[in-house]
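>>> predicted model and sequence below, questions to follow.
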Amino acid sequence: MARPIISTHEIEKVYGMDGFQVRALDGVSLQIEEGEFVAIMGPSGSGKSTLMNIIGCLDRPTHGSYQLDGVEVSELDRTERAHIRNRTIGFVFQSYNLLPRTPALENVMLPLLYNPDHMPLTEREARARAALEAVDLSDRLSHQPQELSGGQQQRVAIARALVNDPVLILADEPTGNLDSRSGEEIMALLDDLHQQGRTIVMVTHDPEIAAHTERTVHMLDGKLERVQQNGVHAGAKGGAG
Amino acid sequence: MRRIELLRVALTGLLRNKMRSLLTMLGVIIGVAAVIVMVSISAGTEATIEEQITGLGTNLVFVTASFQRGLPGGGGGEGGGLVYADAYAIADQIVGVQAIVVEQPSSETVKAGDVTLDQTEVLGSTADFPSVRDMQIAEGRYFKQEEVDRKAKVAVLGASIASELFGTNDPIGEVITVGNTKLTVIGVFAERGQVSETDYDARIYTPITVVFQKFTPNQFARLIGDRVRVIYVELKPDANMDDVILQIELLLARRHDVSLDSADFSVTTQQDIINTQESTTAAFRNLLVAGVSLVVGGIGIMNIMLVSVTERTREIGIRQSVGATPGDVRWQFLAEAMLLSLFGGLIGILAGISGAVIFGAASGMRTVVLPTSILLAFLSAAAVGVFFGYYPANKAALLDPIEALRHE
């Protein structure tokens, strides 16, 4: 039995303004196990972004519990959540979110800078170099984001997501800003990571992209509408962690 | 450890945005430099004044009237309780007094031949005036005590007034008309120049008794004596100044029948005058230094830092998403503000020192760069960096990561 990485129980997110309340999440219970590749789909306003923010510890649920890798994180304060984001989660965003005018190597080193287990500069450099090598960008270390193509920028972002060796990769529309060929390259990279045993949760609105995953969670009006199995399986489950 | 790393991140960030960094520092640079230049000018002027005050002569004690007794119709209403006879009492009864000089000024119209000068200062004084006040006679002689006592109608001219009245002619033995009184010129002073607000060269010097009798007649003089504004007391070289001051105070208090607490006169030394001047100007100067630096530097830094936080909202969001804590973000922005004000302060000091030197050379004014003003300007610039940098830094630290990442 694989260990659960994400385990939410009846989480709710309520935004209130002057007595007028918006229920962005209305009792979502979701289990994702180690090594799974899961897509979250849904129309805008369905609550999928709110769910991603809570899973990514950028936000807290109003009610309900959320255990990430066995740790209850729904009650943590800002600083504790920052530490969780740093060590446990790797983010890949639609718009890459790299620091401008900053070389690829430094961008990838960024999570190591904030790692509470301080490591010397040479080690941080070595790890960032290795991460960039893993996404096939060893020849672009000193390039700044504006000197790279969209696909290359997204690969730098993936290297940054991997550099702290997190248990969970969160990808928010990772191919949304890319042309179809670059998009395929990025999906191939994510498939590889999946094959190596990484746990990946990805938000997308594209069914073809969602088809790369093992199962697709459909959301509607703040609830899980249905879960669809896609018939994909990881080759080497639990190989990393 | 991590703080030092983040300090380096802040430095790298500043170097990547050289133009913005320079503009931010500009406020501090100009503030610090301007303060140093301004203080150097005022310190230069002050040093000049201090030299002039010292130049009045050494070992002097001033007895001045400090309290108006409210007697009506006095000569110009000045003088308080100090009278001519007090001066001779001091000279006669106090040990350690070398000489005294009494001064009483008046303002009169002066005529010589066909030259007329309005509102000329006529200073009535006594025989020791040249030695006590350090004045040199160029021609002729000064009047003697015997001439003071018998109200001799004589005059000694300041250098500039001599040439105004007589041009290149020899004034000795000539008769001038001061007010309605004819005085014979017996001497001319060498040039002395202006000290504080007094132009020693533009005055006519005459026995003080002539001033009492002719220029400031006082109907009460017969009862209380002729009032004087100031008595100068020159001490013997070996006299103890504090001792003499106390003796003078006790003597005058007894003569005026007042207690020392409510005395109608005050006894001061040159050092007192210098100190008073220094302490007031120094306080003002320090306030100026701190105030100007604080305001200029602070507003500049806070302004640009606030803009910078807004402009870099997305960067902050990215850092937060990969694990920067609120403390990390706050420290990074605080470090930027501190580095900016430190570098700005250093550049400002260099600019200020060279500015003071250049201004002094170009204007001919004396400038003195004070180390304390440098230190004060620099410290306030640094303090301002922390103080005004904290608000923007805290604002950055408390940004919501979701909002920050969404920011365009």
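Sure, I can see it. All of these numbers come straight from a predicted model, not from anything done at the bench.
>>> CA only for contacts and neighbour counts going forward, please
Noted.
>>> all strands of chain A, in order?
A:4-17, A:20-33, A:37-41, A:63-68, A:71-72, A:89-92, A:168-172, A:199-203, A:215-220, A:223-229 (DSSP state E).
>>> for chain B, which of these is the nearest?
strand A:89-92 (7.4 Å; Cα to the nearest Cα).
>>> partners of that closest one, with directions?
strand A:168-172 (parallel) (DSSP bridges).
>>> what is the least confident helix or strand in chain B?
Using mean pLDDT, DSSP states H and E, the weakest-scoring helix or strand in chain B turns out to be helix B:221-224, at a mean of 63.
>>> which residues does the residue in the stretch 251-400 of chain B that chain A sits nearest to contact?
In the stretch 251-400 of chain B, no residue comes nearer to chain A than B:Gly323, which is 4.0 Å away by Cα to the nearest Cα. Residues in contact with B:Gly323, defined by Cα atoms under 8 Å, 6 or more residues apart in numbering or on different chains, are A:82-87, A:111, A:114-115.
>>> quick one: secondary structure of it?
At B:Gly323 the chain is in coil, as set by DSSP: H, G, I helix; E, B strand; the rest coil.
>>> who's in contact with the closest residue to it other than its chain neighbours?
Excluding the flanking residues, the one nearest B:Gly323 by Cα to Cα, 6 or more residues apart in numbering or on different chains is A:Asn86, at 4.0 Å. For A:Asn86, the contact set (Cα under 8 Å, 6+ apart) comprises A:111, A:114-115, A:164, B:321-324.
>>> of the strands of chain A, give the one that comes closest to B:Ala382.
When those are compared by Cα to Cα, strand A:89-92 sits nearest B:Ala382, at 38.2 Å.
>>> centre of the chain to the closest one, how far?
4 Å (Cα atoms, centre = their mean, to the nearest Å).
>>> what residues does it touch?
A:56, A:154, A:157-158, A:160-162, A:164, A:166-172, A:174, B:321-322.
>>> avg pLDDT for it?
For strand A:89-92, the mean per-residue pLDDT is 96.
>>> pull it out as PDB, backbone CA atoms only.
What follows is strand A:89-92, C-alpha atoms only, in PDB (Å, rounded to 0.1, in the frame of the first residue of the first chain):
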ATOM      1  CA  ILE A  89       6.500  21.300  -2.700                       C
ATOM      2  CA  GLY A  90       7.900  22.200  -6.100                       C
ATOM      3  CA  PHE A  91       5.800  24.700  -8.100                       C
ATOM      4  CA  VAL A  92       5.500  24.900 -11.900                       C
END
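>>> in chain A, which residue sits nearest chain B?
Counting by Cα to the nearest Cα, chain A gets nearest chain B through A:Asn86, at 4.0 Å.
>>> could you list the low-confidence segments of the chain?
No chain specified, so I'll use chain A. Counting by pLDDT under 70, the low-confidence segments of chain A come to A:1, A:234-241.
>>> looking at chain B here, not the other one
Checking chain B against pLDDT under 70 turns up B:1, B:52-58, B:67-80, B:195-197, B:218-224, B:273-283, B:286-287, B:289-290, B:293-294.
>>> chain A contacts on that one?
Where chain B comes near chain A, counting by Cα under 8 Å from any Cα of the partner chain, the residues are B:1-2, B:5, B:16, B:315, B:318-328, B:401-402, B:405.
>>> of those residues, buried ones?
Buried members of the residues of chain B next to chain A, counted by 16 or more other Cα atoms under 10 Å in any protein chain shown: B:315, B:318-326, B:328, B:401-402, B:405.
>>> those into JSON lines, with extra columns for distance to B:Gly385?
Compiled in JSON lines, those are given as follows (distance: Cα to Cα, whole Å):
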{"residue": "B:Glu315", "distance to B:Gly385": "22"}
{"residue": "B:Ile318", "distance to B:Gly385": "25"}
{"residue": "B:Arg319", "distance to B:Gly385": "23"}
{"residue": "B:Gln320", "distance to B:Gly385": "24"}
{"residue": "B:Ser321", "distance to B:Gly385": "28"}
{"residue": "B:Val322", "distance to B:Gly385": "28"}
{"residue": "B:Gly323", "distance to B:Gly385": "26"}
{"residue": "B:Ala324", "distance to B:Gly385": "23"}
{"residue": "B:Thr325", "distance to B:Gly385": "22"}
{"residue": "B:Pro326", "distance to B:Gly385": "20"}
{"residue": "B:Asp328", "distance to B:Gly385": "18"}
{"residue": "B:Pro401", "distance to B:Gly385": "26"}
{"residue": "B:Ile402", "distance to B:Gly385": "29"}
{"residue": "B:Leu405", "distance to B:Gly385": "28"}
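>>> and these, which is closest to A:His9?
Nearest to A:His9 among those, with distances taken as Cα to Cα, is B:Ile402, at 22.6 Å.
>>> how about the closest one: what's its closest non-neighbour residue?
Nearest non-adjacent residue to B:Ile402 (Cα to Cα, 6+ apart): A:Leu58, at 6.5 Å.
>>> just read off the phi/psi values of the one you found.
With angles defined as degrees, to the nearest 10, A:Leu58 sits at phi -90, psi -20.
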